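Enquirer: pasting a predicted model and its sequence here:
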Amino acid sequence: MFKFELIPSDMKWVSSMSGELNNAATYFSPFANVSQSNKGTINESIGGPRTTWQPWDYNNQLKAVQKVEKFKKTLRDPTGKQRGDVTKFIAKNNSRQECIPPLGKYVDLIRPEPSHNTNNAWQQWFQQLLTIAMHYTDENRLKSATTVSDLPTTCTLVKFLKCLRETVKCGRLVKNFSRWFGEKRKKGLSYSYRFTGLESKKCSWNFAQIIQELLTIANISKSSEVKLHTLAFVAVQLRDSAALYSRVGINEEQVEELKTKCQHYFNAQRLLLNGVNPTVWTLGYAIPYHTEQLFHKTGFGLGLNTMQGREANTSSLHGMLRTPAMSRSLLDGGLCSGMSLLVWFGVGRWIPIV
């Protein structure tokens, strides 16, 4: 006998399949009733009788949908000009639920996915370092430069990028930044790069070298020094906690250790860095909570819920289908098995129940 137990997915997919607003909503998390007003609460937890946050209740979600549908009928254009009125109404009712979840009752099986949250956390960590490197690079030189190569090799940004490329081995990241610097920066577009497991792994191995490079900045302010040391501390907590919540095999002692490290990560972000956003809150509270829940229920860790490598497998299948010869081979040799892989890797995991 098998039971459908886990649904690995990223946050965007979770929101759409749960019939919820996205993570820009007042109640931004699909994992608990945390709001923008109380997301920065320190030393809290999820699910206890006296805790600030509780997991969403499926029956209450259905009741919230009925209220939203009734309210929409009073509006002329609920999906257009009056869309803001709908989202405000949902927030006023302490909810993020807009419609009936396409997944139905299986929304309760959704848990934080380790690889996506790790990548998002390292991406935000890197962005803060990049901001410091840009801040300590001469503003006039930045304005006049059309490419990174126009900057002197002694400037902070160039040395930072050199460290990323040669020491950290994030060549793809450096190339992406150089392209943005030459093509999009003067158009007023902010820099953005979506981290993959490769960048996260390299940063977790070599974060100290990047921090040390920036600490050598001449005339660096005390506030920037404090920020860099805090980012080093955050990197340690992120590296160690990711090593725990990405595990399939885990024990009670490691679960408790994870809680501590995630709380340290959250506290540092909240008190000394850029504050709390959905990724910080998820890593600080939702991940340790769900790791403990899954361990007590199945005896396994949250690594059982990972999508690591699955997107690559799906991309490989898509690539093969674009090749005529390989496409014919798949059709002759069993395309159905390939499609089954897509369903298996993209939708969920079956856990045997003895």
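Expert: Happy to help now that I have it.
Enquirer: distance-wise, check A242 relative to T118.
Expert: Using CB to CB, to the nearest Å, A242 is found at 5 Å from T118. Heads up, the C-betas are built off the backbone N, CA and C, glycines and all.
Enquirer: one more: T147?
Expert: T147 is 32 Å from T118, by CB to CB.
Enquirer: what about the two, which has more around it?
Expert: When T147 and T118 are compared for neighbours, T118 comes out ahead with 27 against 11, by other CB atoms under 10 Å.
Enquirer: residues contacting stretch 289-298, please?
Expert: Outside of stretch 289-298, the residues within contact range by CB atoms under 8 Å, 6 or more residues apart in numbering are 5, 31-32, 45-47, 111-112, 244-245, 250, 252, 255, 258-259, 300-302, 304-305, 351.
Enquirer: just how off-centre is that stretch within its chain?
Expert: Relative to its chain's centre, stretch 289-298 lies at 20 Å (CA atoms, centre = their mean, to the nearest Å).
Enquirer: need the overlap of contacts for A242 and T118.
Expert: S200.
Enquirer: where in the stretch 1-150 of the chain is pLDDT low?
Expert: Across the stretch 1-150 of the chain, the ranges flagged by pLDDT under 70 are 1-2.
Enquirer: let me see the ranges of the strands in it.
Expert: Taking DSSP state E, counting those that start in this stretch as the test, the strands found in the stretch 1-150 of the chain are 2-6.
Enquirer: mean confidence score for the helix or strand harbouring V226?
Expert: Per DSSP states H and E, V226 falls inside helix 222-245. Helix 222-245 carries an average pLDDT of 98.
Enquirer: list phi and psi for C170.
Expert: phi -100, psi 60 (degrees, to the nearest 10).
Enquirer: my read: it touches L164, true?
Expert: Yes. Using CB atoms under 8 Å, C170 is in contact with L164, at 4.8 Å.
Enquirer: picking up where we left off before, contacts for the helix holding V226?
Expert: Counting by CB under 8 Å, 6+ apart, residues outside helix 222-245 touching it are 114, 118, 121-122, 125, 128-129, 132, 135-136, 200, 203-204, 207-208, 211, 214-215, 217, 250, 254-255, 257-258, 261-262, 264-265, 268-269, 272-273, 283, 287-288, 291, 301-303.
Enquirer: of those, buried ones?
Expert: Among those, those classed as buried by 16 or more other CB atoms under 10 Å are 114, 118, 121-122, 125, 128-129, 132, 136, 200, 203-204, 207, 211, 214, 217, 250, 254-255, 257-258, 261-262, 264-265, 268-269, 273, 283, 287-288, 291, 301-303.
Enquirer: tell me how many other residues crowd E98.
Expert: 21.
Enquirer: spit out the contact partners of S15.
Expert: Per CB under 8 Å, 6+ apart, neighbours of S15: 21-23, 30.
Enquirer: number of nearby residues for S241?
Expert: A total of 26 residues lie near S241 under the criterion other CB under 10 Å.
Enquirer: could you tell me the end-to-end distance of stretch 22-41?
Expert: Across stretch 22-41, the terminal residues are separated by 21 Å (CA to CA, to the nearest Å).
Enquirer: buried residues, that stretch. List them.
Expert: Judged by neighbour count using 16+ other CB under 10 Å, the buried positions of stretch 22-41 are 23, 25-35, 39-41.
Enquirer: pick the one among those residues closest to S16.
Expert: Comparing these against S16 with CB to CB places P30 closest, at 10.4 Å.
Enquirer: how far away is the closest residue to that closest one other than its chain neighbours from W281?
Expert: Nearest residue to P30 in three dimensions, chain neighbours excluded: V14, at 5.0 Å (CB to CB, 6 or more residues apart in numbering). Computed as CB to CB, the V14 to W281 distance reads 15 Å.
Enquirer: same check on Y245?
Expert: From Y245 to W281 the distance is 15 Å (CB to CB).
Enquirer: same question, L258
Expert: L258 sits 16 Å away from W281, going by CB to CB.
Enquirer: same deal with L302?
Expert: Computed as CB to CB, the L302 to W281 distance reads 16 Å.
Enquirer: what of K105?
Expert: Taking CB to CB, one finds K105 at 25 Å from W281.
Enquirer: these two - which one has more neighbours?
Expert: Each of K105 and W281 has its neighbours counted (other CB under 10 Å); W281 has more, 25 against 10.
Enquirer: so which helix or strand takes in the more buried one?
Expert: When elements are assigned from DSSP H and E, W281 belongs to helix 278-281.
Enquirer: which residues touch H116?
Expert: 10-11, 307.
Enquirer: A64 and S95 touch, don't they?
Expert: Yes. Counting by CB under 8 Å, S95 is a contact partner of A64 at 4.3 Å.
Enquirer: please enumerate the helices of the stretch 251-354 of the chain.
Expert: With helices called from DSSP state H, counting those that start in this stretch, the stretch 251-354 of the chain shows them at 252-272, 278-281, 287-298, 310-322, 324-333, 335-347.
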